[in-house]
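*Asks:* Return atomic coordinates for the entry below.
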Amino acid sequence: MLGDKETIEYIRLAKLGDNSAKETLLEHNVSLVKCIVKRYLRRGVEYDDLFQIACIGFLKAIAGFDEGFNVKFSTYAVPMIAGEIKRFMRDDGAVKVSRGMKQQAKVMHKFVEEYTLKTGNAPPMYEIAKEFGMEEAEAVFVMGSSKMPLSLYGGGEYKDGKERELIETLTTKDDQEDWLDRMLLKGAIEELSERDRRVIILRYFRDMTQSEVAERIGVSQVQVSRIENRIIKEFREKLDCCM
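*Replies:* As a prediction, this is how the structure comes out:
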């Protein structure tokens with residue numbers, strides 16, 4: 001990669017309209033761009049498409065970089081590139097869910113049907129979230145990700161006679177970027193072995209101690225600690241490979 005001073009010089013030229021300077025910057029930072037792209041593979045978007053979107057983010061980083069930031073260009077560029085990919089995946093509807101997530105949505109949909117038949121009214125979102133041990137925003141995301149009648153923007157009749165979109169039933173406003181991050185995290189967790197996945201879920205999503213987890217899965221507390229540390233190290237290596 002280029003040195004800091006060389007990078008600044010090329011950025012100055014690029015901002016003046018020198019396309020060759022832009023090409024040089026991209027050429028010497030292509031490994032950085034590719035590494036970020038790899039984070040978002042297997043999400044339903046082809047590699048070449050992701051790479052092109054990442055390059056757009058890289059060019060935006062060049063245009064928006066200010067020497068007064070007092071940070072390296074690469075430090076500034078990474079979130080810009082990742083943000084461009086996230087926006088594309090969010091706005092283009094390209095976030096794909098796993099088979100397990102689809103099955104979860106199917107079970108939730110069945111719960112809605114049974115609840116409606118029993119009470120005569122569709123369950124409020126907080127009831128669905130409570131039933132499946134989720135936050136309301138997460139429940140909306142899971143149900144909205146499936147091609148089922150009850151979707152994120154599906155309408156529903158309410159007692160006041162007005163029709164509202166499902167998203168409007170949330171009691172709090174969660175940022176869509178947070179939802180996407182959660183989905184990406186879930187995708188990473190689903191790639192783990194069954195035992196590793198149980199350890200992470202019990203430790204970080206069920207708030208259990210290492211001793212409690214050890215008792216639950218039938219291993220020692222020391223083994224749980226080793227498994228947890230190994231997984232965290234692997235996650236950090238994946239996330240920090242470009243930093």
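*Asks:* domains of this protein?
*Replies:* Here the domain parsing of the chain from automatic domain parsing is 4-91, 99-169, 192-240.
*Asks:* among the ones you listed, which gets the worst mean confidence?
*Replies:* Among the domains of the chain, domain 99-169 has the lowest mean pLDDT, at a mean of 66.
*Asks:* the helices in the protein, which residues?
*Replies:* Applying DSSP state H to the chain gives helices spanning 4-15, 19-39, 47-64, 73-91, 99-119, 125-131, 136-145, 176-190, 194-200, 210-217, 221-240.
*Asks:* Quick check: buried residues in the third one?
*Replies:* Looking back up the chat, that one is helix 47-64. Residues 50, 51, 53, 54, 55, 57, 58, 59, 61, 62 are the ones in helix 47-64 that count as buried (16 or more other CB atoms under 10 Å). No exception for glycine: its C-beta is placed from N, CA and C like everyone else's.
*Asks:* Then the second one?
*Replies:* Using 16+ other CB under 10 Å as the test for burial, helix 19-39 gives 21, 22, 24, 25, 26, 29, 32, 33, 35, 36, 37, 39.
*Asks:* Residues in contact with stretch 3-14: which ones?
*Replies:* By CB atoms under 8 Å, 6 or more residues apart in numbering, the residues outside stretch 3-14 that reach it are 2, 21, 22, 24, 25, 62, 65, 67, 72, 73.
*Asks:* Could you do stretch 51-61 as well?
*Replies:* The contact list for stretch 51-61 (CB under 8 Å, 6+ apart) reads 22, 25-26, 29, 33-34, 36-37, 73, 76-77, 80-85, 88.
*Asks:* same deal with stretch 212-227?
*Replies:* By CB under 8 Å, 6+ apart, stretch 212-227 touches 195, 196, 198, 199, 202, 203, 208, 210, 211.
*Asks:* mind checking the end-to-end distance for it?
*Replies:* End-to-end span of stretch 212-227 (CA to CA, to the nearest Å): 14 Å.
*Asks:* quick one: that stretch to chain centroid distance?
*Replies:* When C-alpha coordinates are averaged (CA atoms, centre = their mean, to the nearest Å), stretch 212-227 and its chain have centres 28 Å apart.
*Asks:* With stretch 65-79 instead?
*Replies:* 23 Å.
*Asks:* tell me which residues of it are tucked away?
*Replies:* Buried residues in stretch 65-79, counted by 16+ other CB under 10 Å: 65, 73, 74, 76, 77, 78.
*Asks:* In space, what's closest to residue 208 - neighbours in sequence excluded?
*Replies:* residue 202 (4.6 Å; CB to CB, 6 or more residues apart in numbering).
*Asks:* What of residue 196?
*Replies:* Nearest to residue 196 is residue 231, by CB to CB, 6+ apart, at 5.7 Å.
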